[in-house]
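>>> For reference, the sequence and a predicted model appear below.
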Amino acid sequence: MRIRFMGLICHVDEEDVAVLMTAEDHIPLLRVPNRFRTGFDDNAAGTICFLLSDRTISFSLSSGTVNRTGLTGVPKLSELGATSVTLDANVALKDATDHTDGLEAFVVLPAGSYGVEDWYTVKGTIAISGSPVCVARTVIFDANASSTITVSGLASSLSLKPNAIITVTNLEAVPNSTSHFSTYGNLFDPPASITSPSLSLTMCPEGSDEYAIPTCSDDGGYLNIGVECSNSTYP
């Protein structure tokens, strides 16, 4: 099974969890092509989408070590102001129902490995001081599966084939010129001050304008993805 992550999502080391942040105009969605659902033909068209607001989802796969070495190129909150801080208790509890903390949803990870699928076309400065670097756009997580996978925590039941490729997004549904990267500060108690990455005019040789997102009816016709609302890691 592969999970693809795009948008305002933080991959937290201590809890092996991906946290979707609450931000204006961002819609947290799980996108599953029907061809990866049990009971559907491998050539089935269409996508089923689940709203992840206030939800903690997990998978019927073995827990264990999460290999994070493949996260090179994902901005680290420890480089952007999150020093000498304490994670909000709801991160450890994986509690997405507290509306006061700015934590929209949780994806609890099984044993597996992180990686990067694609990159932004333009470099960004992700450290408080430093040279522009290529920034990862789509983060992937691979977990071994040999039988049907049950996804728990959704509004309705979902069973996946072992080779399923699903996408978790927290993207803007309408254009918004405001950077929302600072909302990652709400991971901490008290909230931390996070410096947003800044775009440069330097092109990333690994970057591409092309990226794939299974379409949902809730998308609103606008799917913005930028460094200022991209994946992060902690620490």
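Alright, I've got the coordinates.

>>> Can you list the low-confidence ranges for the chain?
128-129, 218-224 (pLDDT under 70).

>>> ok, which stretches of it are helices?
89-93 (DSSP state H).

>>> And for it, the residue most distant from the center?
Most distant from the centre of the chain: residue 41, at 27.8 Å, with distances by C-alpha atoms, centre = their mean.

>>> My guess is that one contacts residue 35. True?
Yes. Taking contacts as C-beta atoms under 8 Å, residue 41 lies within contact range of residue 35: 7.0 Å. The C-beta positions use only the backbone N, C-alpha and C, and glycine is treated the same way.

>>> what's the neighbour count on residue 202?
Counted with other C-beta atoms under 10 Å, the neighbours of residue 202 add up to 14.

>>> list the contacts for the closest residue to it other than its chain neighbours?
Once flanking residues are discounted, residue 202 sits nearest to residue 123: 4.5 Å by C-beta to C-beta, 6 or more residues apart in numbering. Residue 123 sits next to 132, 133, 134, 135, 199, 200, 202, 203, 204 when contact means C-beta atoms under 8 Å, 6 or more residues apart in numbering.

>>> Relative to residue 159, how far out is residue 79?
40 Å (C-beta to C-beta, to the nearest Å).

>>> higher neighbour count, these two?
residue 79 (18 against 14).

>>> Look up the closest residue to that one, ignoring the ones flanking it.
That would be residue 127: by C-beta to C-beta, 6+ apart, it lies 4.8 Å from residue 79.

>>> Next: residue 11.
With sequence-adjacent residues excluded and distances taken as C-beta to C-beta, 6+ apart, residue 11 is closest to residue 233, at 4.8 Å.

>>> how deep is that neighbour tucked in, by neighbour count?
There are 22 residues near residue 233, going by other C-beta under 10 Å.

>>> ditto for residue 46
Applying other C-beta under 10 Å, we find 12 residues neighbouring residue 46.

>>> and it, what is it in contact with?
With C-beta under 8 Å, 6+ apart, residue 46 has these contacts: 33, 34.

>>> so how far is residue 201 from it?
Distance from residue 46 to residue 201, by C-beta to C-beta: 40 Å.

>>> any idea how far residue 123 lies from residue 211?
Look at residue 123 and residue 211: by C-beta to C-beta, they are 17 Å apart.

>>> and stretch 199-216, how far apart are its ends?
One end of stretch 199-216 to the other measures 29 Å (C-alpha to C-alpha, to the nearest Å).

>>> which residues sit against it?
Applying C-beta under 8 Å, 6+ apart, the contact partners of stretch 199-216 are 6, 29, 31-33, 47, 49, 118-125, 132, 134-135, 137-138, 167, 169, 171, 223, 225-228.

>>> hmm, try it at 7 Å
6, 29, 31, 33, 47, 49, 118-125, 132, 134, 137-138, 167, 169, 223, 227 (C-beta atoms under 7 Å, 6 or more residues apart in numbering).

>>> Now do the same contact list for residue 120.
The contact partners of residue 120, taken as C-beta under 7 Å, 6+ apart, are 135, 137, 204, 207, 227.

>>> Now the phi/psi pair for it, please.
phi -70, psi 150 (degrees, to the nearest 10).

>>> Tell me how far the residue nearest to residue 202 lies from residue 1.
Using C-beta to C-beta, residue 123 is found at 32 Å from residue 1.

>>> Might one say that residue 2 is in contact with residue 140?
Yes. Counting by C-beta atoms under 7 Å, residue 2 does reach residue 140; the two are 5.8 Å apart.
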